[in-house]
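**Student:** sequence plus the predicted model coming up.
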Amino acid sequence: MAISNVKEVFDKVPQAFNADAAKGLDAVFQFDITGEGGGNWNVAVKGGSVQVQEGKAGSPTVTLTMAGDTWLGMVNKQINGIQAFMSGKLKVSGDMLLAQRIPDLFRF
């Protein structure tokens with residue numbers, strides 16, 4: 001069943017987290033979701049665990065900015081992240097290689 005709201009995605013991050021893919025990783029992902037139902041969330045991955053908080057992180061490793069419908073499309077596997085980036089629907093600042101690991105780290 002497709003996820004239909006942005007907050008629900010972040011509520012489900014702990015269940016979608018793939019600890020095996022996160023071994024040795026110490027990073028903070030900042031998600032700035034624009035438009036209706038959007039908001040700011042940060043996801044900290046450290047020591048094989050994950051913590052999700054609403055709001056902006058002080059020093060994120062990578063920041064992803066996109067509209068809510070783009071984020072939902074990516075989570076529901078209707079939009080490819082690289083295509084979203086290349087078309088300007090997804091903006092990434094910071095560690096771009098880390099951003100590419102998101103599908104492995106979080107399996108929705």
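**Tutor:** Cool, got the structure. Numbering: from 1, shown residues only.
**Student:** name the helix or strand for residue 56, please.
**Tutor:** Using DSSP states H and E, residue 56 maps to neither a helix nor a strand.
**Student:** what bridges to the most centrally placed residue in the chain?
**Tutor:** Centroid-nearest residue in the chain: residue 31, 5.8 Å away (criterion: Cα atoms, centre = their mean). Beta-bridge partners for residue 31, by DSSP bridges, are residue 41, residue 64.
**Student:** from residue 105, how far out is it?
**Tutor:** 13 Å (Cβ to Cβ, to the nearest Å). To be clear about C-beta, it is placed using only N, CA and C from the backbone, and glycine gets the same treatment.
**Student:** quick revisit: would you mind measuring from the residue nearest to the centre of the chain to residue 61?
**Tutor:** Applying Cβ to Cβ to residue 31 and residue 61 gives a distance of 12 Å.
**Student:** what are the ranges of the strands in this protein?
**Tutor:** Secondary structure of the chain, counting by DSSP state E: strands at 26-34, 39-46, 49-54, 62-67, 90-94.
**Student:** mean pLDDT added to these, as CSV?
**Tutor:** Compiled in CSV, the strands of the chain are given as follows (pLDDT from 0 to 100):
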stretch, mean pLDDT
strand 26-34, 98
strand 39-46, 98
strand 49-54, 98
strand 62-67, 98
strand 90-94, 98
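**Student:** among those strands, which comes closest to residue 12?
**Tutor:** Between residue 12 and the strands of the chain, the tightest spacing by Cβ to Cβ is seen for strand 49-54, at 9.4 Å.
**Student:** which strands and helices sit next to the top helix by length along the chain?
**Tutor:** Assignment by DSSP state H gives helix 6-16 as the longest helix of the chain. Other helices and strands packing on helix 6-16, by 3 or more Cβ pairs under 8 Å, 6 or more residues apart in numbering; DSSP states H and E, are strand 39-46, strand 49-54, helix 68-75.
**Student:** flag every buried residue along the shortest one.
**Tutor:** Think strand 49-54. Residues of strand 49-54 classed as buried: 50, 52 (neighbour count, 16 or more other Cβ atoms under 10 Å).
**Student:** what do you get for the last one?
**Tutor:** Neighbour-count burial for helix 68-75, with 16+ other Cβ under 10 Å as criterion, is recorded at 68-75.
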